[in-house]
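>>> fold the following.
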Amino acid sequence: MCGINGMIGIEDLDDAAMRMQQMNAALAHRGPDDSGMYCNDGIVLGHRRLAIIDLTAAGHQPMYSTDKRYVIVYNGELYNFKELRFELQRIAVNTNQEAYAFSTQTDTEVILASYQRWGTKCVQHFNGMFAFAIWDTETRTLFIARDRLGIKPLYYYNSEKLFLFSSEIRGLLASNLVPRKADPESLVDYLRYQTVHAPKTIIQGVGMLMPGQCAIINSQGIAAEQYWNIDEKAQANAEEINYEQVCKRVNSLLLKSVERRLIADVPFGAFLSGGIDSSIIVGLMSKVATSKVKTFSVTFEESEFSEAAFARKISEKYNTEHHEIKLLISDFLRGLPEALKAMDHPSGDGANTFIVSKATREAGITMALSGLGGDELFAGYPIFKRILDIESKKWLMSLPLFLRRNGGNVLRLIKPGTSSDKIAEILALHKLDIASVYPISRQVIRDSQVSQLLGSSSLPANIVQGKLTESVSLASDKRLSQVSIAEIGTYMQNTLLRDTDQMSMAVALEVRVPFLDHTLVEYVLSVPDKFKYSHTPKKLLVDSMPDILPPEIINRPKMGFTLPWKNWLKNELRQFCEEKIKALSQRNSFEGIAVLAIWRRFLADDPLVGWSQIWYLVVLEFWLEENKVET
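Numbers count the residues shown, from 1 in each chain. Next up is the predicted model:
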């Protein structure tokens, strides 16, 4: 796991090299083990290394192919690199061609050899999380690619004569070639969803290569291609015809996924919350690992926030080397400024991930497995049931619009709050489909409030709604898969995965996510609702893992990583929050009176203003100040 940088278009190579040094320095936290640079022919590539596989100097990057034609910088892990290495050598023998002369044990070199053999189609052969760039010194062509699920990021800036890319926005900004200006439309997206959805970012002119996408950059410009499409994969139908067969298939795919992700030459472990997803990952790790599994849980003295008892039960069942990271509320608050500074892109969430990652890294672990993705794949969130319930009430659309609106207004009066607001807005829709309902369900604040905060009567189109409208409509027996695609393409990729990457890599910890093996994702999305839907939590996943989970874990209430944020914002963090809210209110893009008003309403316990609607404004202002970005 590493940090990569690159730039094309600066003729003065000395100037380019200096700027690349600055970009590499900005990513030093991602790769403390080594640093490297390639500077030639109008292109500069930079790399920061966190050594996970083949810890020797042979893994230094940028890395050259054996014939010196290709140069690569790479961030990620290729879990099937050993199989691919064998396959490449087998093909060479069968075709009487010269085999690639491997000189390292790295997966990086396998990517180079694969590109030499298959060209841009090499990505079809990869199983892993990755973002990489390969420079062809003969054709003066750059090839960039990102993994199918978007686990690893790749940001870029493209102007008329200049192309830059980096693992982080801060890498691009460090070049001093990218204007530090916030994108107005992205500000709206952030206020709606406490994140910015790819391909856009918070910075004007900075985009992201999309998950499952690759591109060629040359003198003609950029030509992007979607080599993997989640909608298309979900249209396939599972071959298994009964529930028992489906469960066996899920078990086999997830077990294989975990096994693949245990390849490492460094100490590794797993995050263990004691929930269904992380407990299953630990149970499967214990089946295939050759040594005792190390597990890590954050615990609190306050029993209402602590999941320690559940995590201990799993640890005892699988005899793991368990580490309880005991965190006082005061410790969390003390570490908050460092967590905020670690953010590469503003996010209303993420501080929790930083605290856990830092404590795990300090325990001597360089790589950890996570249960992220289980809820999205196996219908673990309440939104799955809500969407199905709403779709079953399509008869409401036969009622006159004024009646539906009046019903929503009555609900607001009887039970004021964000939930009632959303229900009222849904009742006023013209149709109850996923593309219309889902964006409202996930929105942090309503568009009317966004307009007030920005002092604008018109807002750009809702990006989430646009994504879902363009998405392929699945058959009626796969409504849950349709919601999974919505979750994966919005909240998971643009909040959870981004936060996991930026917060774990801030402390040089690699996090692997077995639930996001693309073969497992493709299969579960192909399974019809009748095998997924149940009133018990993630029944298909649980039934696929017999004897892995004790009943106490299966039937426990879902807690999540919840902390007393509301009290903090009104007490310990009040001065800090007030300073940031006032600073945000003075920015040109915001309506100062409205920003200050939402803060006062929160302090007055207005049921329509929750702590999260304040915190993500505070985070935004902190990030803008920290990175010297204008709005």
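
>>> which one's the longest helix in this protein?
In the chain, assigned by DSSP state H, the helix with the most residues is helix 243-260.

>>> what's the average pLDDT for that one?
Taken as a whole, helix 243-260 has a mean pLDDT of 96.

>>> give the partner strands of the very next helix or strand once past that helix in its sheet and their orientations.
The helix or strand immediately downstream of helix 243-260 is strand 268-271, counting by DSSP states H and E. Next to strand 268-271 in the sheet, as set by DSSP bridges, lie strand 294-300 (parallel), strand 367-369 (parallel).

>>> neighbouring contacts of the shortest one?
Residues from elsewhere that reach strand 367-369 (Cβ atoms under 8 Å, 6 or more residues apart in numbering): 1, 52, 258, 261, 264, 266-271, 281, 285, 296, 360, 504, 509-514. To be clear about C-beta, it is placed using only N, CA and C from the backbone, and glycine gets the same treatment.

>>> who touches the residue positioned nearest the centre of the chain in this structure?
For the chain, L497 is the residue whose C-alpha lies nearest the centre (Cα atoms, centre = their mean; 1.3 Å). The neighbourhood of L497, defined by Cβ under 8 Å, 6+ apart, consists of L149, G150, I151, L372, V513.

>>> wait, which of those residues is closest to Y70?
I151 (23.9 Å; Cβ to Cβ).

>>> doesn't the closest one fall inside a strand?
No: under DSSP: H, G, I helix; E, B strand; the rest coil, I151 falls outside any strand and is assigned coil.

>>> gap between the nearest residue to L333 once chain neighbours are set aside and W565?
Spatial nearest neighbour of L333, chain neighbours left out: E572 (5.6 Å); criterion: Cβ to Cβ, 6 or more residues apart in numbering. According to Cβ to Cβ, to the nearest Å, E572 and W565 sit 10 Å apart.

>>> go on, P153?
26 Å.

>>> between the two, which one's more packed in?
Remark: of P153 and W565, P153 carries more neighbours, 25 against 15, as counted by other Cβ atoms under 10 Å.

>>> surely that one and D501 touch.
Yes: applying Cβ atoms under 8 Å, one finds P153 in contact with D501, separated by 5.8 Å.

>>> related to what we said a few turns ago, just the buried ones among the contacts of strand 367-369, please.
Among these, those buried by neighbour count (16 or more other Cβ atoms under 10 Å) are 1, 52, 258, 261, 268-271, 281, 285, 296, 360, 504, 509-514.

>>> name the residues of the longest helix of the chain that are buried.
Those would be 246-247, 249-251, 253-260, for helix 243-260 by 16+ other Cβ under 10 Å.

>>> go on, stretch 279-296?
So for stretch 279-296, counting by 16+ other Cβ under 10 Å, buried means 279-286, 289, 293-296.

>>> state the phi and psi torsions of the residue of the chain most remote from its centre.
Going by Cα atoms, centre = their mean, the residue of the chain most distant from its centre is N96, 43.1 Å out. Reported as degrees, to the nearest 10, the phi and psi values for N96 are phi 60, psi 40.

>>> measure it to G119 for me?
20 Å.

>>> domain assignment for this protein?
Residue ranges for the domains of the chain, per automatic domain parsing: 2-228, 232-377+490-554, 382-480, 565-626.

>>> can you give me the end-to-end distance of the shortest one?
When you say that, I think you mean domain 565-626. 22 Å (Cα to Cα, to the nearest Å).

>>> what is the mean pLDDT for that domain?
95.

>>> ok now it, how far from the chain's centre?
25 Å (Cα atoms, centre = their mean, to the nearest Å).

>>> for the first one, same thing?
The chain centroid and the centroid of domain 2-228 are separated by 18 Å, computed with Cα atoms, centre = their mean.

>>> same question for it, mean pLDDT?
Mean predicted confidence for domain 2-228 is 95.

>>> which residues in the stretch 151-300 of the chain form helices?
169-174, 184-193, 230-234, 243-260, 276-288 (DSSP state H, counting those that start in this stretch).

>>> for L540, which of these is the nearest?
So among those, helix 243-260 is nearest, using Cβ to Cβ, at 6.7 Å.

>>> helices and strands around the closest one, which ones?
helix 276-288, helix 518-526, helix 539-544 (3 or more Cβ pairs under 8 Å, 6 or more residues apart in numbering; DSSP states H and E).

>>> now do the same contact list for the residue lying closest to K385 once chain neighbours are set aside.
Spatially, and ignoring its direct neighbours in sequence, K385 is nearest to A379 (7.8 Å; Cβ to Cβ, 6+ apart). Listed by Cβ under 8 Å, 6+ apart, the contact set of A379 reads K385, L480, V483, S484, K532, Y533, K538.

>>> buried among those? Need that as a selection in ChimeraX.
ChimeraX command restricting these to the buried ones, with burial defined by 16+ other Cβ under 10 Å:
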select :480,483,484,532,538
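
>>> including pLDDT, distance to I426 and secondary structure, could the contacts of A379 go into a markdown table?
Shown next, in a markdown table, are the contacts of A379 (pLDDT from 0 to 100; distance: Cβ to Cβ, whole Å; DSSP: H, G, I helix; E, B strand; the rest coil):
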| residue | pLDDT | distance to I426 | secondary structure |
| --- | --- | --- | --- |
| K385 | 87 | 15 | helix |
| L480 | 92 | 19 | helix |
| V483 | 93 | 15 | helix |
| S484 | 95 | 20 | helix |
| K532 | 88 | 23 | coil |
| Y533 | 79 | 21 | coil |
| K538 | 90 | 25 | coil |
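
>>> with the contacts of A379 in mind, which one is nearest to E239?
The closest of those, once distances to E239 are taken by Cβ to Cβ, is K532, at 16.5 Å.

>>> who touches stretch 441-458?
Here stretch 441-458 has contacts from 187-188, 191-194, 348, 383, 386-387, 421-422, 425-426, 459, 462, 464, 490-491, 589-591, 594-595, 598, 612-613, 616, using Cβ under 8 Å, 6+ apart.

>>> and it, end to end?
21 Å.

>>> quick one: average pLDDT of that stretch?
93.

>>> buried stuff in that stretch?
Of the residues in stretch 441-458, those buried (16+ other Cβ under 10 Å) are S441, R442, Q443, V444, I445, R446, Q449, V450, S451, Q452, L453, L454.

>>> got a pLDDT number for the closest residue to A368 other than its chain neighbours?
Sequence neighbours aside, G269 is the residue nearest to A368 in space, at 5.1 Å (criterion: Cβ to Cβ, 6+ apart). pLDDT for G269: 90.

>>> ditto for D389
The predicted local confidence for D389 is 84.

>>> measure it to Y533 for me?
11 Å.

>>> L333 - that's part of a helix, no?
Yes: under three-state DSSP, L333 sits within a helix.

>>> got the contact list for it?
W568, E572, L573.

>>> quick one: the helices in the stretch 1-150 of the chain?
13-26, 81-94, 107-118.

>>> in the last one, which residues are buried?
Put plainly, it is helix 107-118. D107, T108, E109, V110, I111, L112, A113, S114, Y115, Q116, R117.

>>> also the second one?
Residues of helix 81-94 classed as buried under the neighbour-count rule (16+ other Cβ under 10 Å) are F81, L84, R85, L88.

>>> so which other helices or strands are in contact with it?
Partner elements for helix 81-94 (3+ Cβ pairs under 8 Å, 6+ apart): helix 107-118.

>>> contact partners of the helix it packs on?
Taking Cβ under 8 Å, 6+ apart as the rule, helix 107-118 contacts 53, 59, 61, 63-65, 67, 69-70, 72, 74, 77-78, 81, 84-85, 88, 91, 100, 102-103, 122, 124-126, 128, 130, 132, 134, 143.

>>> returning to that earlier point: does the residue nearest to A368 touch I365 like I think?
Yes: with contacts counted by Cβ under 8 Å, G269 reaches I365, the gap being 4.7 Å.
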